Structure formats: structure tokens, C-alpha cells
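>>> here is a sequence together with a model predicted from it:
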Amino acid sequence: MDWKNLAEALFGSDRGLTLDGELLHGEAALDDEPLTVVGTTGHAPIGVRLALAQARVVLDTVARHPGRPILLLIDTQGQQLRRRDELLGINRAMAHLGMSIDLARRRGHRVLGLVYDQALSGGFITSGLIADACDALPQAEIRVMRIPAMSRVTKLPEAMLTGLSRTNPVFAPGVENYVAMGGVRRVWTGDLRAALRQALADAPTEDRRALDGAQRGGRRLAAAVMDRVLEAP
């Protein structure tokens with residue numbers, strides 16, 4: 001979905017969102033409650049500039065608007081694969097973005113991610129997967145790695161990985177597979193404004209992704225392993 005149509009569906013015509021290159025940011029209101037909105041569009045690759053720009057919006061909200069909800073609108077092809085960004089420390093910039101979101105959560109901001117188009121790799125991991133919860137639109141595309149790339153990294157045959165992806169969501173892209181694994185809490189359909197209202201109202205106060213994955217059958221052991229590690233002497 002185009003970000004303008006999405007904004008119209010969520011907030012109507014009364015919104016203050018700005019597009020700076022591939023960066024979306026601004027203030028909107030839901031039921032007269034202000035929200036900070038920040039994200040990207042155009043399948044943006046997240047490099048140093050975009051990571052720091054998003055982090056700045058989050059930190060400004062923490063400093064100037066205590067407790068205000070933050071909505072992350074996600075459309076990214078992942079991290080910027082460019083030598084300049086590597087030399088500038090893209091790993092640290094993306095970590096800074098993730099830590100800024102974590103700080104906002106610790107300071108009492110409800111932080112909600114919404115994948116409205118595409119979410120890949122590190123650009124998704126350091127945004128929606130660090131939010132209190134991450135939801136998605138039905139037509140969104142979510143994955144960490146394509147099967148051919150996964151084959152090159154793991155040295156396992158593509159046919160084998162393709163077969164595994166049919167029964168195990170860990171190996172498969174797609175919104176429903178991420179719902180099964182607990183990475184995506186729910187898919188929004190119908191009235192998007194009502195969906196946003198509900199998502200903010202029941203945003204979890206602790207990370208439930210591993211528990212959701214266990215209950216939905218997509219990640220059967222993650223929660224149990226985490227508990228064993230935490231309980232270890």
C-alpha cells in the first residue's frame with residue numbers, strides 16, 4: 001500500500017507527516033491522541049543516514065513528548081550494502097536505532113511497528129522486531145533471506161531448504177509464517193484505523209514473541225530454551 005493511502009486510512013486528511021527523501025516522519029492523531037510517526041518508504045535501504053535520522057525522531061519524542069505513542073511504518077529492503085556506509089559504521093548506526101527504540105519503550109512509550117509494504121533483513125530487525133509489537137498488512141512481504149541466499153550461506157541444497165520451508169516457517173518468507181513464529185503479532189484487515197486503535201490499546205508490556213511462537217507452533221522451543229538459560233545458575 002502507498003504510504004499516502006495508508007496515512008489517509010489511519011488518520012484521515014488531518015495529519016502532519018513529511019517525506020524527506022525516503023524518510024517518513026511527523027505527528028498524527030488518533031482519537032485526538034497525538035502519535036509520533038516515523039519510518040521509510042520506497043523499499044528504502046537503511047544506511048547510516050536513514051538509521052540516524054529515524055533514531056533522532058524517536059529520541060526527540062522521548063525528550064519532548066514523554067509517554068507519547070510511536071508508530072513505526074516499515075518499508076525497507078534491509079541494510080544499505082555500500083562501502084561508504086560500512087566505513088562509516090553502519091552496524092553502530094543501526095544498533096543506535098534499535099537502542100533508541102528500546103529506550104523509548106523503557107521510558108513508557110508504546111512503540112508499535114507496522115509492515116505496510118516490505119520488511120527485509122537488518123532494516124526490519126532494528127525497527128519492527130524491537131517494538132513492543134509488530135503488525136502487518138496482508139499484502140506485505142517479510143523475509144530475512146531468500147532461499148538461494150540461505151543456501152549459499154548454509155551450504156545446504158536449495159531443494160532441501162525449499163522442502164523445509166513447506167513445513168517449517170523458520171525457513172519460509174511471508175506474513176503468515178512470521179505470524180506463526182511470533183515475529184508479527186497480527187495482520188490488519190478491514191478498518192485500519194480501528195486496527196491501530198486496538199493495537200495500541202493491547203500493546204504488550206513485555207516481549208511475547210517467543211511465547212507466541214510456541215503457542216502458534218512456529219517456534220516450538222525458543223521460549224523453553226530462553227527460560228532454561230535465564231534459570232541456569
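Ah, there it is.

>>> now residue 140. Nearest residue, chain neighbours left out?
Sequence neighbours aside, residue 115 is the residue nearest to residue 140 in space, at 4.4 Å (criterion: Cβ to Cβ, 6 or more residues apart in numbering). (Each C-beta comes from the backbone N, C-alpha and C, glycine too.)

>>> how far away is the one you found from residue 96?
22 Å (Cβ to Cβ, to the nearest Å).

>>> which of those two has more residues huddled nearby?
residue 115 (29 against 19; other Cβ atoms under 10 Å).

>>> roughly how far out does the strand or helix carrying that one sit from the chain middle?
Assigned by DSSP states H and E, residue 115 belongs to strand 111-120. Strand 111-120 sits 4 Å away from the centroid of its parent chain (Cα atoms, centre = their mean, to the nearest Å).

>>> can you list the strands that that strand pairs with?
strand 70-79 (parallel), strand 133-136 (parallel), strand 141-143 (parallel) (DSSP bridges).

>>> now these as JSON lines including mean neighbour count?
Formatted as JSON lines, those follow (neighbours: other Cβ atoms under 10 Å):
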{"stretch": "strand 70-79", "mean neighbour count": "24"}
{"stretch": "strand 133-136", "mean neighbour count": "24"}
{"stretch": "strand 141-143", "mean neighbour count": "19"}
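
>>> can you put these in TSV and add mean pLDDT?
What follows is those, written out as TSV (pLDDT from 0 to 100):
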stretch	mean pLDDT
strand 70-79	94
strand 133-136	96
strand 141-143	87
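
>>> between the ones you listed, which one is closest to residue 159.
strand 141-143 (18.6 Å; Cβ to Cβ).

>>> what sits up against that closest one?
115, 117-120, 124, 136, 173-175, 177-178, 183-184 (Cβ atoms under 8 Å, 6 or more residues apart in numbering).

>>> hang on, the earlier thing: by contact count, what packs against the very next helix or strand once past the strand holding residue 115?
Next helix or strand after strand 111-120 toward the C-terminus (DSSP H and E): helix 121-125. Counting contacts by 3 or more Cβ pairs under 8 Å, 6 or more residues apart in numbering; DSSP states H and E, helix 121-125 is packed against strand 44-46, strand 70-79, helix 90-106.

>>> what average pLDDT does helix 121-125 get?
For helix 121-125, mean pLDDT is 86.

>>> for the residue most central in space within the chain, what are its contacts?
With distances taken as Cα atoms, centre = their mean, the residue of the chain nearest its centroid is residue 128 (1.6 Å). By Cβ under 8 Å, 6+ apart, the residues touching residue 128 are 72, 74, 113-115, 119, 134.

>>> looking at those residues, spot the one nearest residue 229.
Nearest member of those to residue 229, counting by Cβ to Cβ, is residue 134, at 23.5 Å.

>>> hey, what's the closest one bridged with?
Bridge pairing for residue 134 - DSSP bridges - gives residue 113.

>>> could you report the neighbour count for residue 85?
Counted with other Cβ under 10 Å, residue 85 comes out at 21.

>>> many thanks, I have nothing further to ask.
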